[in-house]
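Asks: Could you look at this predicted model? Sequence included:
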Amino acid sequence: MVKLTIDGRSCSVPEGTTILQAAASIGIQIPTLCYLKDINEISACRICVVEVDGFERLIPACTEKVFEGMVVHTNSHRAKTARETNLKLILSQHDGDCTTCVRNQNCQLQDLSAQFGILDNPYPKDVKKNDWPENSYLVRKESKCIKCMRCIEVCDKIQTLRIWDVMGSGSRTHVGVRLNRVFTEADCALCGQCITHCPVGALSVRDDTAKVVAALEDPEITTVVQVAPAVRTAWAEQLGLTREEATVGRMAAALKALGFDYVFDTNFTADLTIMEEGSEFIERFTHRDQYPWPMFTSCCPGWVRFVKSQFPEYSRNLSTAKSPQAMFGAVAKSYFAEKIGVDPHKMRVISVMPCTAKKSEADLPNLKDACGDPDVDVVITTRELDRLLRSYHVNVKDLEERDFDSPLGSGTGAAVIFGATGGVMDAALRSAYYLVTGNNPPADAFTAVRGMKGWKEADFEVPGAGTVRVAVASGLGNTRALMEAVKAGEVEYDFVEIMACPGGCSGGGGQPIHEGQELADTRGTVLWNLDQASELRYSHENPDVIALYNQYLVKPLGLKSHHLLHTDITEWSIPLNPDLVK
Amino acid sequence: MSRLSIRTRSQAQVLVDTMYAGMERRIAASPSGLCPIDITLSFLNLCHAQSCGKCTPCRIGLGKLSALLKQVLDGEATMESLDRIKLTAQNIVDSADCAIGFNAAQLVLNGMAGFEDDFREHILHHQCLASHRNSVPCITLCPAGVDVPGYISLIAHGRPADAVRLIRKDNPFPTACAYICEHPCETRCRRSMVDDPINIRGLKKFAVDQAGDVPQPACAEPTGKRVAIIGGGPSGLSAAYYLQLMGHSTTVFEKRKQLGGMLRYGIPSYRFPREKLDAEIASILSTGVEVKTDVDIGTEITMEQIKEEYDAVYIAIGAHTDRKAGLPGEDSGHVTSAVEMLRGIGDYQMPDFTGQKVVVIGGGNVAMDVVRSAVRLGAEKVTCVYRRRQADMTALPEEVEGALAEGVELLTMMAPVRIEADEDGNAVALWVKPQLSGAFDKGGRPSPVDSDLPEIRIPADLIIMAIGQGIESRHFEESGITVKRGNIMAGDSAQIGDEKIFAGGDCVTGPATAIRAIAAGKVAAANIDEFLGFRHEISTDVVLPAPTINSVKQRGRINLTEREASERKLDFEDVEQSMTCLQADMESSRCLHCDYFGFGNFRGGRETKW
C-alpha cells in the first residue's frame, strides 16, 4: 500500500493506483474529459491536472501513479487555473451551439463547462468544419470534435478495425478516416462503439426520426413497429425512469402513445430465427461434409460486415437465416399484411434497435422479399426512440402498461436473451436439442455460454447427434482473435455466435450513452431475468410461431421460408480491410 | 550626446537571441511526419517578421504568400491558387532587394516542387498526407530501432544487465555500439528543445561496462534449416545471431583470420578495445553459430556450392578494398591505403613508424583512425591533408578534436596533386594545391576549387590514402548477382533477384556505419525466416519500469571525458572514460521519456517484438 495526502487528507491505496483513483477512493472528485478507463488513458485534454509537491509542472491525475509520501493539491490556484484555461481553449474550438446538438444534456463538455461555471470565454472562436459523405450512416462533425481520441482508441483496441486515425499535424491535427479514405469507402462495421464512447456530439448516427414521424402522420399508411430485445433494457434510462419502472409493458404503451398502429416485438422473429437457424444447424451438422465449418450466427449486422471485410473467405460459414429484424419485415409485409388485408406497399415497418448497423442492414438491396419494397422501411436507435418520446412529450412514467399487439408481439424467454452475449447460442441450443431428441433440455442447461467474458467456449452433448462444440464472442477484437485462431486451426468449433458490440446488443452502439459507464452487463442481466421469469423458454414453443408455420410457412427451411427468411450475403459487398487489398 | 557610443545589446535583444538559440535547437529536434506545407507557412511567417519593410515584394508579398498557403491548409484554395502562389513567390525571388525576401521565397518555391502531392491532397480532398507516426525520435532514428528510452530507464533503475538484454532484442552488438556507434539516435532527441540531447551512447557504454557478461536467451526449437552467412562482420553476425535464436542453423564464412569485419579491421583498439570485441563476438557465437574463417568465397568454395548446400544465403562481405585517388605517383613505394594499414593492425601486425613523417589523405572517420593510429605507432609527425574545410569533414567532430589534441596536423583546403618519389621509387613528398571554397554541390557542401596560391610540397616518409572503400564483388557478379556502381543490388527486404539470396551492410550501401550494417542483418534475418516458411518472433522478457516524470530544468549534458592526450597517444588502450554511477544517474534522469509522455502513451513508438 502507498500512503499519500490529497488536499490535506491522507489516504492509503494499492501501488499502481492513479492519482485520479486515489482521490476518488476518499471522495475527492477530479474532473476528466478525454479519460476513458482502460481504453483511453492518454492524458491529452489536461483537464485533470493537479499540483504535486516537488514537481515543477502540473501532473495529469488520470495517468500518473501515486507514490509514497506524495502530496497532491487538486484545487490549488495553479491547478484550477490550468484546468479552466484548458477547458476554455477546448471550448474556443468547439461548436457550442448546444441547443441543436444531438448530445444536448448528455455531453461531458457541456457538463464540465457547467461545473466549472464558465460564463465567458476570452479566446476567440475558431471552429473547423469538415466534409462528410451525404449517404453515411455514421456522421462525424469536426466542429464538435475535441480531439480526445477516444474513437480512435475504441476502434483500435476494442474493435480492432482501425477506422479512425490522427490526421495531419500541428494546429490542424484532427481525427479522420485512416489512410485518408472517404468514410463510406472504409471497412467500418458500423458497430457505433465510437459513437457511444464519444464525450460530445462529434460522432452520431444518422437521425431517421423524421421518417418515422412522416409515416405516423400519413393517414394512408399502416405503421408497424418492432422493438429489439435489448431496447427494453435501456429505453427509459434517459427518460427519468428507474429500471423497475421501465417495464416492457410501459415501453409498449409508450410506442402506442406515439401512434403506431401495431406495436410488435422482434422477439417474435427471434424465436422464428431459432427455428430456421437451429434447423439449418442440424441440417449442416448431420451433413458435415457438405458445409464449411464452423457455422456462424448471422443476426448481428456489424459482425456480418466484419466477416465480409476482414475474413471474406468465411462468408459462406454464416447461417443463411436472416436476422430477426429482417425476418420481421418480411413476415410483416407478407403474412401479416395478408392477415389484416393491408396493401404491403402502404405499410411501413419501423424498427427500434439498440444498433447502428441495423440501419445499413435494412437498406441492403436484397432484403425486399415480401413485396418488392424494403422489408424494413426505417430503423431508429434506442436513442432516437427517446428523442421521439421526448418530442411527443409522452409522459412515460404515468403510462399504463400494456401488452404487445398480436400476433407478431409474442416471444419466449429464449428470444429475449438475443440481446445479451451468448443468448442466441443458448436459445439455439435449447431448440436444436429439442429438434434432434424430441425432448426439451433443461432451460438452464447451457449457462456456460452466458456471461461477459469476451470469448467463451463449451462442449455440449446432444443425444443422438454427438458433441456440439460451440463458442461465443462479443466485441470485434475478441472476434478477430477467435477468427485468427479458427483460421490457424488452433481451435475447432461447430457453431459460433458473434456479437460485434462488447456484451452483445445490450451494449450496442444505438443504446443510450452514459459517460464513462459500460452498461452491457447490467442491461444483459435484465434480459436473463426476463428469460427466467418467462413461462415459455423455448423458441419452438412460441404458439404464434407455430401458427405462422402451420398457416403460412409450412416448415423451417421450406420453400416459403427459404424465400422470406433466408438471404444470400454474397449478393452485396462492402469495402475490404485495406491490409487485405495490398 | 557623445559622438560615438559603445554598442550594448538591449535586454530585449538578449532575450530574442536566447529565443533564436532555442529555436535552432528546436528545429534540430523537429519530429518527423509534419505537414510540409504547415512548416513552410511557419517558416514564411518567421521570414516575414525579419523583413525591414522597405521593399514591396518582401513587406507585402511574403504576407500574401503566407495567406495563400493558409488557404491551402484551410481547404479554401483551388488548383489555380497554386499558380498564384508560384507567381507571387517568383516575383519575390526576382524583385526583392535583399536575402530576407528573395531567400524566403526561393525556399517556398523549392518546397512547391517537392511537396506537390501534399498541395494536391489539401486542395482537392481537404486532407493532409502527413501525420505524426513516429513519436519517439531516438527509436525512429536508430536504424535498428533499438528501444532507447527503455534501456535508459533500466539504467536509471540500476538494471544494466536488463538494459543489455533489451538492446539485444534489436541489436546483438550493444558493446560495439556503446563504443563506436555514430549515435544517430541523438540527433533529434527531444531533450535538445530544453538544453542538449541525451548522451545516449555514453549511457549505453555505462550499461555494457556495468553489466559484465550477460547470457544469451535460449534458441527456438531447431528448424533443420541451414543458412550460409558470407562475411563475419557486424551485419553477417547480426543475421547469424537472430537466425540462431529463431532455431535455424547458420554457418559464417569469413575471409580473414578473425571475425568482426570493420569492427576489427577498420576500427583501432583505442576506440574499441579488442577484448571487448572478442567478448561480444563470443557471446553472439554462444547461440551456436558455426564459423569458418580464412575462407575466400570464389576460390575455396563457390557461390554455386553454397547455394546448393544451404537453404538461404546472406551476403554481408562489407567494403574492404581501397580506392585509388588517381594521383600521379600513387603506385610509388611507401604509399599505402587506410584499409591495408588498419587490416594489419587488426591482426596485431603493428608497423613501426618511429621517426617517420606520415601524411594521410582524407577527411572521414577512417582518416582519423589512421592518423591517430599513426601517432600511436611512433610517427614523428602526422599530417592530415583534406581538400575542403574542417567543417566539411565527414569525420565526427570529436574524432577530429581527439586527433588534433594528440598532435595531428590538419591541413585543410589542400588538394593532393601528385606524389613525388625518389630514385628507388619510394614516396618522399606529397604535392598539394591550395583550394578555396566554391559553389555548393548536391550534398550541400561547398566544392573546393583551385586557388591562386602556388603548390606546396609536404615531405613524407609514408603516404596513406584514406579516401573511401569499395567491395570485392567479382565472384558474386560472376555468379549472377547484380552489382551496380560497385555495390550489390538488394531491396529494402535485403532480398536480391535470386530469392534464396539476401545481401546487406556495406556491400549494399557502400561504406556506412556499424549500426546500419547491424540493422541490415536484422532485416535479413526476419526476411530469411519468412522465406524459409516461418514467423519466429524476437522479443524479450525484460519488464520496463514505470515511466518517471523527470525534471525539465535546463541542465548540462554529461559528456564522456578522454584520457589526457599526451598519455593516451602512447598506447592503443581505450581513450574514452566511462560515466560514473552518479553521472549515469544524472544523465539518465534527463531523458524526457517520449515513449510515454506526449504522443508516446497514445500511439506508442515501441515495438516489443518483431
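Replies: Perfect, thanks for sending it.

Asks: How is the chain divided into domains?
Replies: In the absence of a named chain, chain A is used. A:2-90, A:138-205, A:211-571 (automatic domain parsing).

Asks: Correction: the question concerned chain B.
Replies: Domain segmentation of chain B under automatic domain parsing yields B:34-125, B:137-215+B:540-603, B:226-320+B:471-531, B:324-468.

Asks: can you list those in CSV and add mean neighbour count, mean pLDDT and distance to chain A?
Replies: For glycine as for every other residue, the C-beta is placed from the backbone atoms N, C-alpha and C. Shown next, in CSV, are the domains of chain B (neighbours: other CB atoms under 10 Å in any protein chain shown; pLDDT from 0 to 100; distance: least, CB to the nearest CB, whole Å):
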stretch, mean neighbour count, mean pLDDT, distance to chain A
domain B:34-125, 18, 93, 4
domain B:137-215+B:540-603, 20, 93, 4
domain B:226-320+B:471-531, 21, 91, 15
domain B:324-468, 18, 93, 25
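
Asks: Can you lay out those as CSV showing distance to A:Glu361?
Replies: Formatted as CSV, the domains of chain B follow (distance: least, CB to CB, whole Å):
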stretch, distance to A:Glu361
domain B:34-125, 30
domain B:137-215+B:540-603, 33
domain B:226-320+B:471-531, 40
domain B:324-468, 59
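
Asks: Determine which of these approaches A:Arg250 most closely.
Replies: Closest to A:Arg250 of the domains of chain B is domain B:137-215+B:540-603 (CB to CB; 43.9 Å).

Asks: Which stretches in the stretch 401-550 of chain A count as strands?
Replies: Under the criterion DSSP state E, counting those that start in this stretch, the stretch 401-550 of chain A carries strands at the ranges A:455-462, A:466-474, A:495-499.

Asks: Quick one: name the residues of chain A near chain B.
Replies: By CB under 8 Å from any CB of the partner chain, the residues of chain A that approach chain B are A:41-44, A:55-57, A:59, A:63-65, A:130-131, A:149, A:165-173, A:176, A:180.

Asks: Type out the ChimeraX command that picks the buried ones from these.
Replies: The command below creates a ChimeraX selection of those among those that count as buried (16 or more other CB atoms under 10 Å in any protein chain shown):
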select /A:41,42,43,44,59,63,64,65,130,149,165,166,167,168,169,172,173,176
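
Asks: From the residues of chain A next to chain B, which land in strands?
Replies: Cross-referencing those against strands under DSSP state E gives A:Ile59, A:Asp165, A:Val166, A:Met167, A:Gly176.

Asks: what helix or strand is B:Val72 on?
Replies: For B:Val72, the host element (DSSP states H and E) is helix B:62-73.

Asks: The residue nearest to A:Pro374 when sequence neighbours are not counted and chain B, how far apart?
Replies: In space, not counting the residues next to it along the chain, A:Pro374 is nearest to A:Lys368; the distance is 5.5 Å by CB to CB, 6 or more residues apart in numbering or on different chains. Going from A:Lys368 to chain B by CB to the nearest CB, to the nearest Å gives 35 Å.

Asks: what's the single longest helix in chain A?
Replies: helix A:266-286 (DSSP state H).
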